[in-house]
Structure formats: structure tokens, C-alpha cells
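>>> Need the 3D shape of this:
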Amino acid sequence: KHGSGFLRPGMDSQADVFLSILDEDMVAMAKGKLSTFNALRDGRLIIKGDQLASHVLSEIMERIQREKRNTAPRPEPQSDEVTL
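Modelled structure (predicted):
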């Protein structure tokens, strides 16, 4: 939001926002199997500080999913399939 940022484990007294999430839930979010909204609602993601971070986190996860779709190898068509 205001320049570059970084992520590191632990607490930093000067951080704008603190996120608390289990590793497996973060992986599920990155894979698109858990939404930021559901993680917040279910208490699997806790945000302290700048609440806009949940929106930014959603955008980051969506970007990861888009990039993964764009870089995923496409299956070769079978002989009876038509590629358009």
C-alpha cells in the first residue's frame, strides 16, 4: 500500500498488520481451496492492525491462481479431439 513490504515469521512492533494463519491453511488459500473470507469467518486467519490487509491478501491469492493457470501445461489433445 505504501511502498514495498515483506513477510517474516514472528512479531515486529513496527508492522502495519499482523497475520496469524496455519501453514496448511495458507497452502489451501494459495491453491484456491480456502478463500480469505472463509478463513476469516472460521477463525483460521486472524488479522490485527490494517484490516485492508484482508483485501490485499485476497488479491495476492487471486494473482497466484491466475499465474498458476497461465503457466500450467495444457494437455495434448487426443487424436479424436479438436483444438479450437
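
>>> tell me the pLDDT at the closest residue in space to residue 30 that isn't next to it in sequence?
Distances taken as Cβ to Cβ, 6 or more residues apart in numbering put residue 64 closest to residue 30, at 5.5 Å, once the chain neighbours are dropped. All C-beta spots, glycine's among them, are computed from the backbone N, C-alpha and C. Among the per-residue scores, residue 64 holds a pLDDT of 82.

>>> what's the neighbour count on residue 64?
Neighbour count for residue 64, taken as other Cβ atoms under 10 Å: 14.

>>> Which strand or helix spans it?
helix 53-71 (DSSP states H and E).

>>> What are the boundaries of the helices in this structure?
Taking DSSP state H as the test, the helices found in the chain are 23-30, 36-41, 53-71.

>>> quick one: contacts for the closest residue to residue 50 other than its chain neighbours?
Of all residues not flanking residue 50 in the chain, residue 17 sits nearest, at 4.3 Å (Cβ to Cβ, 6+ apart). Counting by Cβ atoms under 8 Å, 6 or more residues apart in numbering, residue 17 touches 47, 48, 49, 50, 53.
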